[in-house]
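1. Mind looking at a prediction? Sequence and model below.
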Amino acid sequence: MRNKKLNLFSTVMFGLSAIIGSGWMFGSSQAAQIAGPAAIIAWIVGALLVAMIAMVYVEIGTMFPEEGAMSRFTMYTHGSLLGHIFSWANWISLLAILPIEAVASVQYMSTWPWEWANWTHDFMSGGQLSPQGIMMATVMLFIFTFINYWSVTIMAKFNNFISVLKVIVPIITMIVLVTAHFDFNNMGSSFSEFMPNGTSSIFVAIGSAGIIYSYVAFQTVINLSNDIKKPSVNS
């Protein structure tokens, strides 16, 4: 199984799939509530901040391709104690991704407009998962777990298909929304309207609206660097 490593396409798809998750919808909604139209700046600033961190990790990752590299690097640079603490923190954060995505998937399913999918509308009640929704989220959690556990190659094949959809769907959504109605007046006609909660709201949105959560998903590629063909080139 070790010989079956990820090629460049699968590596790129893993990175895109991790970054283009539920954050592009939920993060956008939450950031707009916190910072108003200035949420656009929050996404740009967040991208720049994470890019500086990512470039360092990418450089190190190509030099020392290891499984779970994000945790192991801390052990190498700061010792086993801090490395152990950071590994646990990183593991807990990664562990939270599966249930979050399972809940997000069920929320999406509850809005399916097709007649054959009317049964999914009972998954949400009062903005929260209903008992049926919790059961479906549990099923999704098991599905995601088995796909990830089975093997890297099977996960890669499944992820390649999903990633293409995750790229196409947002692009189509943006085109449809802009074509249907795009009004620059929504950005406000003054500084106070563009940034109703002040400049501090931009930084609050970066940390609490899921913007950073979306961007730091680049670490998926670093953690899988030992399973990538020619990691010094493809990572």
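-> Nice, thanks for sending it over.
2. so how many other residues sit close to S29?
-> 13 (other C-beta atoms under 10 Å). For every residue, glycine as well, the C-beta is placed using N, CA and C.
3. and what of N226?
-> By other C-beta under 10 Å, 17 other residues sit near N226.
4. any idea how far it lies from F64?
-> For N226, the distance to F64 equals 9 Å [C-beta to C-beta, to the nearest Å].
5. for G188, same thing?
-> Relative to F64, and taking C-beta to C-beta, G188 is found at 48 Å.
6. ditto for S125
-> S125 sits 49 Å away from F64, going by C-beta to C-beta.
7. Also A38?
-> Shown here: A38 relative to F64, a distance of 39 Å by C-beta to C-beta.
8. Also S190?
-> To F64, S190 is 51 Å away according to C-beta to C-beta.
9. ditto for P113
-> Distance from P113 to F64, counting by C-beta to C-beta: 48 Å.
10. More neighbours: which of S190 and F64?
-> Each of S190 and F64 has its neighbours counted (other C-beta under 10 Å); F64 has more, 14 against 7.
11. Tell me the pLDDT of that one.
-> pLDDT recorded at F64 is 80.
12. That one touches F73, doesn't it?
-> Yes: if you go by C-beta atoms under 8 Å, F64 and F73 touch, sitting 7.4 Å apart.
13. list the buried ones in the helix or strand encompassing I34?
-> Using DSSP states H and E, I34 falls within helix 23-35. Buried residues in helix 23-35, counted by 16 or more other C-beta atoms under 10 Å: G23, W24, F26, G27, S28, Q30, A31, A32, I34, A35.
14. In contact with the last one, which residues?
-> Taking C-beta atoms under 8 Å, 6 or more residues apart in numbering as the criterion, A35 is in contact with I41, A42, M195, N197, S201, I202, V204, A205, A209.
15. Mind pulling up the pLDDT for it?
-> Each residue has a pLDDT score; the one for A35 is 88.
16. gap between it and W43?
-> Separation of A35 from W43 (C-beta to C-beta): 10 Å.
17. check which helix or strand covers R72.
-> For R72, the host element (DSSP H and E) is helix 69-78.
18. quick one: the helix or strand that comes right after that helix to helix 69-78, angle?
-> Downstream of helix 69-78, the first helix or strand assigned by DSSP H and E is helix 80-95. Put simply, helix 80-95 runs at 160 degrees to helix 69-78, going by axes from the mean of the first three to the mean of the last three C-alpha atoms, to 10 degrees.
19. Need the residues that contact helix 80-95.
-> Residues outside helix 80-95 that contact it (C-beta under 8 Å, 6+ apart): G68, M70, S71, R72, T74, M75, Y76, H78.
20. outside of stretch 115-131, which residues touch it?
-> Here stretch 115-131 makes contact (C-beta under 8 Å, 6+ apart) with V103, V106, Q107, M109, S110, W112, Q132, G133, M136, A137.
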